[in-house]
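Undergrad: coords please:
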Amino acid sequence: MNLKKIKEQSILPTPWGEFTLIGFEEISKLEKKNHVALIYGNINLLILKNKAVLVRIHSECLTGDALFSLRCDCGFQLKQSMKIISKKGFGVIIYHRQEGRNIGLLNKIKAYSLQDKGLDTVEANKKLGFLADERDYSNCSNILKILKIKKIKLLTNNPFKVFSLKNSGIDVIERISLITGKNCKNINYLKTKKRKMGHVL
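TA: Here you go, the predicted model:
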């Protein structure tokens, strides 16, 4: 396991209630990244009763999450996940630090430039020499294991996330769709997700 949980944790007040913020540090890679988990409610009660925990794995998207971009649905999905989990009363959001499907922020801007010229997200990534999706979810499964979460309900439209977590020993008993944020600026982005990446929309 290439992650360690930092000892300190804090309360994160949000418009949807107070989450507990926990940090995780990569310890075996040259380019280390820090990831965080946002925990809502006492999930230990669910774990003790061997019940599934509601989980959202949210890949970092500076443009969508912080800069309000309409090119994607990322920021909308993050907010909706926080609403759903707070309403449920228990859950975890893993903020997965793999910007731009793990091609990095600057390459993401280059991909945006290619998209401005007519390429879709998959074509732009490949034009830059990357796979359609470079993300690795092993850190996410490791975070769940560190938190002693073995059984989850996953908020996602991406079947590959389900496959990846199951393949790493996490029992994903249900996939819950997260359909939000559709607009005139991201309609082709969403169509590409569905047509070329297998997302269930």
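Undergrad: what sits closest to Ser10 if chain neighbours are left out?
TA: Leu21 (5.0 Å; C-beta to C-beta, 6 or more residues apart in numbering). Placement of C-beta: from N, CA and C, glycine included.
Undergrad: tell me the strands beside the host helix or strand of the one you found, with direction?
TA: Assigned by DSSP states H and E, Leu21 belongs to strand 17-26. Applying DSSP bridges to the sheet, strand 17-26 is found paired with strand 3-14 (antiparallel), strand 34-40 (antiparallel).
Undergrad: list the buried residues for the shortest one?
TA: The neighbour-count check on strand 34-40 (16 or more other C-beta atoms under 10 Å) flags 35-40 as buried.
Undergrad: and those, which two are the farthest apart?
TA: Spanning the widest gap among these are His35 and Tyr40, at 17.2 Å by C-beta to C-beta.
Undergrad: strands of the chain, residue ranges please.
TA: 3-14, 17-26, 34-40, 53-59, 91-96, 151-155, 171-176 (DSSP state E).
Undergrad: from the centroid of the chain, which residue is nearest?
TA: Geometric centre of the chain, nearest residue: His58, 1.7 Å, by C-alpha atoms, centre = their mean.
Undergrad: contacting residues for that one?
TA: 65, 74, 77-78, 81, 93-96 (C-beta atoms under 8 Å, 6 or more residues apart in numbering).
Undergrad: and the nearest residue to Ala132 once chain neighbours are set aside, how many residues sit next to it?
TA: Excluding the flanking residues, the one nearest Ala132 by C-beta to C-beta, 6+ apart is Val122, at 4.3 Å. For Val122, the count of nearby residues is 19 (other C-beta atoms under 10 Å).
Undergrad: what is the burial count for Glu26?
TA: 17.
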